[in-house]
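Enquirer: Fold the following for me, if possible:
(chains A and B)
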Amino acid sequence: MTDRFNLYRFSSPATFYPLAGAMIPYFVAVSALFGIAGLWLGMLVAPTDFQQGEGYRIIFIHVPASWMSMFIYLVMAFWAAIGLAFNTRLSGMMAQALAPTGALMAFLSLWTGALWGKPMWGAWWVWDARLTSELILLFLYIGYMALTAAIDDVRRADKAGGLLLLVGVVNIPIIYFSVKWWNTLHQGSSVNLAKSSMATTMLWGMLLMAMCFWMYSIAMALMRVRTIMLERERHTDWVKKLIAGDEK
Amino acid sequence: MIHWASFSDFLAMGGYGLYVWGSFGVTAFVMAIEPITIRRNRSATIIRLQRQLRAETRNAAQ
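Expert: Coordinates of the predicted model:
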């Protein structure tokens, strides 16, 4: 063994567990700071939208939730690929820890979308390409959680769930490009690298809220992965020592 | 700097109050509940694992 700093060390649950625990308060604090700044800009400073009045302010949670719902799925699919290719212990735990947060983000995206759609389009729901593919994303999350929960052997559960994640990843570009590929009711992307259709305060409010949601999701996933680690590694010495020491 | 003339103005959201606060309210609720359920699940898991560990050591002693 060398004393050299080794990144692979953190792929061991015994080292990752305390590291995750130490990082959680920072992610929570940073998320809160971004949230306060984003809400202040978005809800108090940003001007009225010339087309949608004050109703557009739903964007400050709708877009971050939608982005996170897609991004979390991609991260899960990444862990699934790593897990299937290298048979690493941590990857299945990470995917499992991210799933409920991803599902909640997909739900929030649909919920806020419905509340935005009603006053702007006159309908809570339409079978539009963007909306339908986001609904399928929610079903993929629920399907992944149900499938892994139904299989007792965790390694088999990880494999089956990982395959589902990798097959389902095709849905992500469909959601993302749906507003371009099909003629939909849903408006196009609000943020463009070339030119943005939004006022600066609106754009910054939205980006700050996106950072808030991002940090929140990391904090939740880290909190959840610690419990999963205890559960799965319960026969190892490090968990027995922790449990016996009444670790909270 | 502040966009709103009064607090009631802010609450009304130009007539979109129900939709805007319905969105923010449910999001706040979800983000408050999620960490609480994770914590509860964690303490329940720890208690269960402690019980299992005690049972195992008792069995090993016999």
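Enquirer: Quick one: name the residues of chain B near chain A.
Expert: B:1-4, B:10, B:13-16, B:19-20, B:22-24, B:26-27, B:30-31, B:34-35, B:38-39, B:41-43, B:45-46, B:49-50, B:52-53 (Cβ under 8 Å from any Cβ of the partner chain). Heads up, the C-betas are built off the backbone N, CA and C, glycines and all.
Enquirer: Now the buried members of these.
Expert: Using 16 or more other Cβ atoms under 10 Å in any protein chain shown as the burial test, the residues of chain B next to chain A include B:4, B:10, B:13-14, B:16, B:19-20, B:22-24, B:26-27, B:30-31, B:34-35, B:38, B:42, B:45-46, B:49, B:53 as buried.
Enquirer: how about the helices in chain A?
Expert: Listed in chain order, the helices found in chain A under DSSP state H are A:13-39, A:59-86, A:89-121, A:129-150, A:154-168, A:171-181, A:200-232, A:237-244.
Enquirer: Packing partners of the shortest one?
Expert: For helix A:237-244, the contact count by 3 or more Cβ pairs under 8 Å, 6 or more residues apart in numbering or on different chains; DSSP states H and E identifies helix A:13-39, helix A:200-232, helix B:17-61 as packing neighbours.
Enquirer: May I see the buried residues of the first one?
Expert: So the one you mean is helix A:13-39. A:13, A:16-17, A:20, A:24, A:27-28, A:30-31, A:34-35, A:37-39.
Enquirer: Let me have these in CSV, extended by distance to chain B and pLDDT.
Expert: Formatted as CSV, the buried residues of helix A:13-39 follow (distance: Cβ to the nearest Cβ, whole Å; pLDDT from 0 to 100):
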residue, distance to chain B, pLDDT
A:13, 14, 87
A:16, 16, 92
A:17, 12, 94
A:20, 12, 94
A:24, 10, 97
A:27, 11, 98
A:28, 8, 97
A:30, 15, 98
A:31, 9, 98
A:34, 13, 98
A:35, 9, 97
A:37, 14, 97
A:38, 12, 96
A:39, 9, 96
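Enquirer: if we take those, which one ends up nearest to residue A:89?
Expert: residue A:13 (6.5 Å; Cβ to Cβ).
Enquirer: That closest one: what's it in contact with?
Expert: A:89, A:90, A:93, A:229, A:232, A:233, A:236, A:238 (Cβ atoms under 8 Å, 6 or more residues apart in numbering or on different chains).
Enquirer: thought residue A:59 was touching residue A:207?
Expert: No: contact criterion Cβ atoms under 8 Å: residue A:59 and residue A:207 do not qualify, at 11.5 Å.
Enquirer: Of these two, give the one with the bigger neighbour count.
Expert: residue A:59 (23 against 16; other Cβ atoms under 10 Å in any protein chain shown).
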